[in-house]
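Visitor: model the structure of this input:
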Amino acid sequence: MSAQRQNEHLVIESFPVGSFQCNCSVIYSAQTQEALIIDPGNDDPKVAEFIATKGLKVKKLLHTHAHFDHIGQSSAIQKLTGASIHLHRADQFLYDGLEQQGSFFRQIIPPPVTINSYLEDSEEFGFADDQLKNFLKTLHTPGHTPGSCCFYTDYFATPILFAGDTLFQQSIGRTDLPGGDGEQIIRSIKSRLLTLPPDTEVITGHGPETKIHLEKSHNPFF
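Guide: Sure thing, here's the model as predicted:
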């Protein structure tokens, strides 16, 4: 999945990265090039090339959860850009084990750097531009992992949800990995995501996009 959204002030570009094709989303100001990245993944050369080509000033790296395919090379991007790393505290145990996660899939993951700030439910993010303050909201949606989070914005004509591995097109995130909880992920989706506006576009952690109303109608897990 590769997609771009843009209005007068804000640009969102999403594209797959790494061996597991995690959907990385780069959000930046059209005026100042100030940027944040959701799930840089485990392909730092591709992300670094994108940053350089666009001339972006990356300030924050936000993570939906701490599985290596979403956060494995964030330390490299942090060192390149000086951006701060943000993750929910409940996923610290997974973050601490990134090297072991990678080795299980025969991938080399560098030692993780210190988390700069732990995500909080309803925490908001934005840029220095007056028009772009607090445009992105954090939703804690445990289940895939204890610290899984989604990010939501209604700054565009159609709202957008960055769902990570919580919600997929006609599927949900797996819950058979350490910290996963099948009942909890269903509660999270029903209470936090399916209550969003029906036309909300969902950028999933892997694979194609979907919409909230489509998942309410067709997802076999609900």
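Visitor: mind listing what's buried along the longest helix along the chain?
Guide: Longest helix in the chain by number of residues (criterion: DSSP state H): helix 44-54. For helix 44-54, the neighbour count (16 or more other C-beta atoms under 10 Å) marks 44, 46, 47, 48, 50, 51 as buried. (C-beta placed from N, C-alpha, C; glycine too.)
Visitor: give me the mean pLDDT for stretch 101-111.
Guide: Stretch 101-111 comes out with an average pLDDT of 87.
Visitor: and stretch 21-39, by the same measure?
Guide: In the prediction, stretch 21-39 has an average pLDDT of 97.
Visitor: got the buried residues for that stretch?
Guide: Buried, per 16+ other C-beta under 10 Å, within stretch 21-39: 21-29, 34-39.
Visitor: and stretch 108-116, by the same measure?
Guide: Buried, per 16+ other C-beta under 10 Å, within stretch 108-116: 109, 112, 115.
Visitor: got a list of contacts for the least confident helix or strand in the chain by mean pLDDT?
Guide: Every helix and strand of the chain was ranked by mean pLDDT, DSSP states H and E. The lowest is strand 3-6, at a mean of 85. Outside of strand 3-6, the residues within contact range by C-beta atoms under 8 Å, 6 or more residues apart in numbering are 11, 12, 13, 14, 15, 30, 156, 160, 203, 209.
Visitor: partners of that strand in the sheet?
Guide: The strands beside strand 3-6 in its sheet (DSSP bridges) come out as strand 10-17 (antiparallel).
Visitor: helix 44-54 and the partner strand, what's the angle between them?
Guide: 150 degrees (axes from the mean of the first three to the mean of the last three C-alpha atoms, to 10 degrees).
Visitor: and strand 10-17, how far out from the chain middle?
Guide: 11 Å (C-alpha atoms, centre = their mean, to the nearest Å).
Visitor: repeat that for stretch 165-174.
Guide: Centroid displacement of stretch 165-174 relative to its chain, using C-alpha atoms, centre = their mean, is 13 Å.
Visitor: got the end-to-end distance for it?
Guide: In stretch 165-174, first residue to last residue: 8 Å (C-alpha to C-alpha, to the nearest Å).
Visitor: and residue 151, how far from residue 200?
Guide: 12 Å (C-beta to C-beta, to the nearest Å).
Visitor: pull up the overlap in contacts between the two.
Guide: Counting by C-beta under 8 Å, 6+ apart, the residues touching both residue 151 and residue 200 are residue 161.
Visitor: among those two, which residue is more densely surrounded?
Guide: residue 151 (26 against 21; other C-beta atoms under 10 Å).
Visitor: any idea what that one is bridged to?
Guide: Going by DSSP bridges, residue 151 forms beta bridges with residue 138, residue 162.
Visitor: how about the nearest residue to residue 31 once chain neighbours are set aside, what does it touch?
Guide: Sequence neighbours aside, residue 129 is the residue nearest to residue 31 in space, at 6.2 Å (criterion: C-beta to C-beta, 6 or more residues apart in numbering). With contact set as C-beta under 8 Å, 6+ apart, residue 129 has these partners: 9, 29, 31, 32, 34.
Visitor: quick one: the spatially closest residue to residue 132 that is not a sequence neighbour from residue 32, how far?
Guide: The shortest distance from residue 132 to any non-neighbouring residue, by C-beta to C-beta, 6+ apart, is to residue 126 (5.2 Å). Look at residue 126 and residue 32: by C-beta to C-beta, they are 12 Å apart.
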